[in-house]
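Q: Here's a sequence, model it:
(one chain, ligands or ions: 1)
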Amino acid sequence: MPADYTPATIADVRRLRDTLDQQGRKLVFTNGCFDLLHAGHVRYLEQARALGDAMVIALNSDQSVRTLKGPDRPLNHQNDRAEVLSALRAVDAVVIFDDERATLLIDAIRPHVYAKGGDYTVDSLNREERAALENAGTQICILPLVPGRSTTSTINKMLGSGNAGACESKLRIAVLGSGEGSNLRAIIAAIQSSALIAEIAITLSDQADSNFLKIAREAGLTAQFVDGGPNPRRLSDAAQKEIFEHLERARVDVVVLAGFMRILKEPVIGAYQGRIVNVHPSLLPKHKGASAPQLAIDAGDSETGCSVHLVTSEIDAGLILAQAKVPVLSGDTAETLHARIKIEEHKLLPQVLNEWRERGLPVRGAGVP
Ligand code: GRF
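A: Numbers count the residues shown, from 1 in each chain. Sure, this is the predicted structure:
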């Protein structure tokens, strides 16, 4: 019987790098999860290997795959993933690492070439990883994505997503927020009480210190910070893409914007058309934008409320799914009024999501309801 496979250590790879260096040859480094190997991986690795004379793969450990891709992953144990990879002719060594990013390994190994797959650009690389590479004098090479092949699409095919009606199944939702997180808390409570038959597959925030993320973590949810870039209302192109990738990996049916303060654009808006909902503190189409309760007071309205609506590329303008009314009281400030509106939001949003599920909508790949 062949001996059990043992992955390489950092010291092994360091030695390989130094030997190559003395010979004027190059070590290529790449990293990833490689959970379910497919032809796209093989072709990518062949191309990466051709950039130098030997190649090491930094393989995300099981723990780090869970953090990156959610609790259902990886499908294969880290040593098995390493063993399969190391059998490929392009691969000289596989080293397993625990962090979300390969920064510490890059610092330790100082590879000659760093290969990254997919549709990254040098600018959309993780900032710390990029700094580590620049510090090590590593040449960065971005290789084109092999179209039509991905682990996520394979898993989705196996699960038959897009075919089954959603009535019997739990809705897989992503919740995005930037602030207080009271709507997230209401969704969690509705799920716990079975008023909403759903599963929060991922939560995402552009605010690292937000109460929203704190609530998500305390509830044991996958909680992901995405650096949105310098403009507080806009998301950088890299962030739009990062959010899209998180949603795809988490295989969500519906994206819920619960106080997410930045504007989503492509690729999320197109890919999730008809499956993104937002909750807004006014009776839309009245009082769009960020200060809706104050606008209702300034307009002298006797009542306002909240709306749950579909998200399109136009702000607060998609199809309204449900509304609830709230009286404006004399002496109301924007804060007191907003607090009363939120009480209604906390009932309305889970209710809309559950009704949506009961009607068999939406499922992945479904059109606009
Ligand atoms: C809610 O009032 C929602 O309507 C608006 O942002 C607020 C989010 O509140 N879009 P919270 O973070 O859920 O407490």
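Q: who's in contact with residue 82?
A: When contacts are counted by CB atoms under 8 Å, 6 or more residues apart in numbering, residue 82 touches 5, 7, 59, 94, 96. Heads up, the C-betas are built off the backbone N, CA and C, glycines and all.
Q: Check the residues you listed and tell me the two furthest apart.
A: The largest separation in those, counting by CB to CB, is between 5 and 59 at 12.2 Å.
Q: Count the residues that sit near whichever residue of the chain sits closest to the ligand.
A: Residue of the chain nearest the ligand, by CB to the nearest ligand atom: residue 259 (2.5 Å). Using other CB atoms under 10 Å, residue 259 has 23 neighbouring residues.
Q: cool, residue 144 as well?
A: With other CB under 10 Å as criterion, residue 144 counts 11.
Q: For the remainder of this discussion, apply numbering that starts at 24.
A: Taking 24 as the first residue, the last one we looked at is residue 167.
Q: by contact count, what packs against the helix or strand hosting residue 78?
A: Element membership for residue 78, per DSSP states H and E: strand 77-83. Packed against strand 77-83, as judged by 3 or more CB pairs under 8 Å, 6 or more residues apart in numbering; DSSP states H and E, are the following elements: helix 33-45, strand 50-55, helix 62-72, helix 101-109, strand 116-120.
Q: May I see the buried residues of stretch 305-325?
A: Judged by neighbour count (16 or more other CB atoms under 10 Å), stretch 305-325 contains these buried residues: 305, 306, 307, 310, 315, 316, 318, 319, 320, 324.
Q: Widest-spaced pair of the residues you listed?
A: In terms of CB to CB, those reach their longest pairwise distance at 307 and 320, which sit 17.0 Å apart.
Q: quick one, what contacts residue 160?
A: residue 133 are the contacts of residue 160 under CB under 8 Å, 6+ apart.
Q: next SSE after the worst-scoring helix or strand of the chain on mean pLDDT?
A: Taking mean pLDDT, DSSP states H and E as the measure, the chain has helix 174-182 as its least confident helix or strand, at a mean of 67. Of the helices and strands lying after helix 174-182 in sequence (DSSP H and E), the nearest is strand 194-199.
Q: Now find how far off-centre that following strand is within its chain.
A: 11 Å (CA atoms, centre = their mean, to the nearest Å).
Q: Check which strands are paired with it and give the direction for each one.
A: strand 221-228 (parallel), strand 277-280 (parallel) (DSSP bridges).
Q: avg pLDDT for that strand?
A: Mean per-residue pLDDT for strand 194-199: 94.
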